[in-house]
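*Asks:* would you be able to build a 3D model of this:
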Amino acid sequence: MKKRVIVIGAGIAGLSAGVYAQKCGFDVTILESHNIAGGNCTAWKRKGYLFEGAMHWLTGSKKTDPLHRLWRHIGALNDDVTVHYPEPVKEYDYQGTLIRMYRNVDETERHLIALSPADEKEIKKLCNSMRKISKLLMPMADLPGLKVTRKQLPPINLLFHLISANRAMKKSSKIPREEYIARFKHEGLREFFNYLCAGKYSATWLYFSMGAYVRGDGGFPEGGSLPFVYRIVKTFKALGGTIIFNTRADKVVLENNKAVGVQAGETFYPADGVIVTADTMQMDHLFEVQPQAPWLNEMRKSAKPTMGTFISLGIDADLSKYAKEYIFKLDKPLKVADWEHEYLRVYNYANVPHCSPAGKTAVTVLLIRNSYDFWKQARKEGRYQEEKEKVALGVIAALTKQLPEIEGKVEVYDVATPLTYERYCANWQGSWMTMMAHTIKAKAYPPVVSNLSGVYFAGHRMRAPGGLPIAARSGRTAVQYLCRDTKTLFISEEKVK
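*Replies:* Numbering: from 1, shown residues only. Alright, predicted model coming up:
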């Protein structure tokens, strides 16, 4: 008989684990508390508009990227999926002057030097760092002692690129953000770079975040999050896997500290192994014998939540002349909770099919700050809807002042707070990522603990800062541990032609 595996959660980590385990010959059932799959990788429809809640760009969309093999393996991408690569990738409106970042770093360099010849030396250094970081890929790796159908061997030249990139990052990481940005003479560049590195200790993020774009990656699969998730679900089901929705896992049932199944309501699901993809920061309710591991203690001590308030607008205007990521500084800061937002970053989906009716535009504004306690208190005091309305109207007013052509044309707006993500996705404080403070090491945590057998952990917390690639890789890693423990052959990803 096939060994039975229960996966708790049908987010990207759970779906990834489900597909990998099913392909390796396990009989997999995924339990999902929501009525749809995807977890944080989600979107929602309002009055003919599709508001994207997760996928602004995707690492691994490029065929030569090692992560692309994973996305194809689980069915998220295939040759029939159109991937869009909008240009420019970032656009900052400085008093009417557009400052842009392009996928072609040479074009970025020429554009910035033309804008500010006095900063030519620093601009060239910046772009050279982007070139080095762009070669820093995330190679697929196999667990030692695991039997696999095809070993994942990173190319030798990646080691040299890694050394070069690490030198650049190490050198710049010691320079405080403010000190680095002050080197530029152009006020618009200083403002733009200050925004891109907001919340970071150093300016390393300035070129690290551009690395995927510069190597030709970071595209947007047509349709965004929902079709992306549906394709994985379709793959999983075609392999014989089962997803049970509207089912909350209550307990991982143990016998002698070994997993034997999962209790969900009145139903017991027997299993030879359990993969927990519920948020690792708040999974204690699943265990009577609490997991104990140094890495869990480290995570809980160091993790800081990255959360925000999503304001989505459906606008009866064609904004296709503006970049996909359009940023500008406000005349007057917008206050949400105790935080004042000086800038607005607009994700513009005017050029993305299916996001809005013809001639109209869906946009999303994301205000990133730790506002969980504020929204929780507002709900407790009965002013939750009032505060959401206030934020939405504030964003609409600010955006209308910047783009007068949208005045009176906002047909629908929607506000998703950290409480929204907590309710629908069961995230810790409604956070979808872990803040990458300079004190946190970007290392992967192991998916097992010593005092539990047959239990494996996956999810976006397993490596800071998280995100879709980390979630998917964590599902793969959990299954590799499962295969090694059960002496099962791991079915590897195929080469991409």
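*Asks:* so where's the protein shaky on pLDDT?
*Replies:* 154-163, 165, 436-442 (pLDDT under 70).
*Asks:* could you list the domains of it?
*Replies:* As assigned by automatic domain parsing, the chain contains the domains 4-81+223-303+435-486, 101-136+157-214, 308-430.
*Asks:* roughly how far is the longest one from the heart of the chain?
*Replies:* Centre-to-centre, domain 4-81+223-303+435-486 and its host chain are 14 Å apart (CA atoms, centre = their mean, to the nearest Å).
*Asks:* try the last one
*Replies:* Between the centre of domain 308-430 and the centre of its host chain there is 18 Å, according to CA atoms, centre = their mean.
*Asks:* before we move on, back to that, quick one: which of the domains of the chain is nearest E91?
*Replies:* Nearest of the domains of the chain to E91, taken as CB to CB: domain 308-430 at 3.5 Å. No exception for glycine: its C-beta is placed from N, CA and C like everyone else's.
*Asks:* need the helices for the stretch 201-350 of the chain, in chain order.
*Replies:* Along the stretch 201-350 of the chain, counting by DSSP state H, counting those that start in this stretch, helices occupy 204-208, 211-214, 225-238, 294-302.
*Asks:* would you turn the ones you listed into CSV with distance to A118 and mean neighbour count?
*Replies:* Formatted as CSV, these follow (distance: least, CB to CB, whole Å; neighbours: other CB atoms under 10 Å):
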stretch, distance to A118, mean neighbour count
helix 204-208, 19, 23
helix 211-214, 24, 24
helix 225-238, 43, 20
helix 294-302, 41, 14
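*Asks:* which residues touch G9?
*Replies:* Applying CB atoms under 8 Å, 6 or more residues apart in numbering, we find G9 in contact with 30-33, 39, 276-278, 426, 459.
*Asks:* quickly note the distance from it to K258.
*Replies:* 21 Å (CB to CB, to the nearest Å).
*Asks:* and if you look at T400?
*Replies:* Distance of T400 to K258, given as CB to CB: 60 Å.
*Asks:* between the two, which one's more packed in?
*Replies:* Each of T400 and K258 has its neighbours counted (other CB atoms under 10 Å); T400 has more, 16 against 13.
*Asks:* chain neighbours aside, what residue packs nearest to the more buried one?
*Replies:* E407 (5.0 Å; CB to CB, 6 or more residues apart in numbering).
*Asks:* contacts only, for the residue nearest to R463 when sequence neighbours are not counted.
*Replies:* What sits nearest to R463 in space, not counting adjacent residues and going by CB to CB, 6+ apart, is A444, at 4.3 Å. Shown in contact with A444 (CB under 8 Å, 6+ apart): 462-463, 474, 477.
*Asks:* now swap in Q95 and tell me
*Replies:* Going by CB under 8 Å, 6+ apart, the list of residues near Q95 reads G188.
*Asks:* distance of it from I406?
*Replies:* Taking CB to CB, one finds Q95 at 20 Å from I406.
*Asks:* how far out from the middle of the chain is stretch 292-307?
*Replies:* 18 Å.
*Asks:* what lies in contact with it?
*Replies:* So stretch 292-307 is in contact with 280-281, 368-372, 418, 421, 428-435, 437, 439-440, 445-446, 448-451, 461, 464-466, going by CB under 8 Å, 6+ apart.
*Asks:* in strands, which of those residues appear?
*Replies:* 368, 433-434 (DSSP state E).
*Asks:* ok, back up a step: take the helices of the stretch 201-350 of the chain and write them to CSV, including distance to T149.
*Replies:* CSV is the format used below for the helices of the stretch 201-350 of the chain (distance: least, CB to CB, whole Å):
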stretch, distance to T149
helix 204-208, 34
helix 211-214, 28
helix 225-238, 18
helix 294-302, 29
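*Asks:* point out the one among the ones you listed that comes closest to P270.
*Replies:* Of all the helices of the stretch 201-350 of the chain, it is helix 225-238 that lies closest to P270, at 20.0 Å by CB to CB.
*Asks:* now for that closest one, which elements pack on it?
*Replies:* When contacts are defined as 3 or more CB pairs under 8 Å, 6 or more residues apart in numbering; DSSP states H and E, helix 225-238 sits against helix 12-23, strand 242-244.
*Asks:* out of the contacts of stretch 292-307, list just those in helices.
*Replies:* Among the contacts of stretch 292-307, the ones falling in helices (DSSP state H) are 372, 418, 421.
*Asks:* any idea how far K132 is from the nearest residue to I175 once chain neighbours are set aside?
*Replies:* Counting by CB to CB, 6+ apart, S202 is the residue found nearest to I175 once chain neighbours are left out, at 5.8 Å. Per CB to CB, S202 is found 16 Å from K132.
*Asks:* give me the phi and psi for P404.
*Replies:* The phi/psi pair for P404 (degrees, to the nearest 10) reads phi -60, psi -20.
*Asks:* that one: how many residues sit nearby?
*Replies:* P404 has 7 neighbouring residues, counting by other CB under 10 Å.
*Asks:* do the same with A303
*Replies:* A303 - counted by other CB under 10 Å - has 19 other residues nearby.
*Asks:* K401 against K329, yeah?
*Replies:* No: counting by CB atoms under 8 Å, K401 does not reach K329; the two are 11.6 Å apart.
*Asks:* looking at the two, which has the bigger crowd around it?
*Replies:* Between K401 and K329, counting by other CB under 10 Å, K329 is the more crowded of the two (18 against 13).
*Asks:* in contact with that one: list those residues for me.
*Replies:* Per CB under 8 Å, 6+ apart, neighbours of K329: 94, 191, 195, 342-343.
*Asks:* one more time with 7 Å, if that's ok
*Replies:* 191, 342-343 (CB atoms under 7 Å, 6 or more residues apart in numbering).
*Asks:* so how far is I327 from Y347?
*Replies:* 10 Å.
*Asks:* got it, and G211?
*Replies:* 19 Å.
*Asks:* rewinding a little: and which of the contacts of G9 is nearest S61?
*Replies:* Of all these, S61 sits closest to G39, with 19.8 Å by CB to CB.
*Asks:* run a quick neighbour tally on the closest one.
*Replies:* G39: 29 neighbours (other CB under 10 Å).
*Asks:* hmm, it is touching G11, no?
*Replies:* Yes: G39 is within contact range of G11, at 2.4 Å (criterion: CB atoms under 7 Å).
*Asks:* partner strands of the lengthiest strand in the chain and their direction?
*Replies:* As assigned by DSSP E, the longest strand anywhere in the chain is strand 325-336. Paired strands of strand 325-336, with direction, are strand 90-94 (parallel), strand 339-348 (antiparallel) (DSSP bridges).
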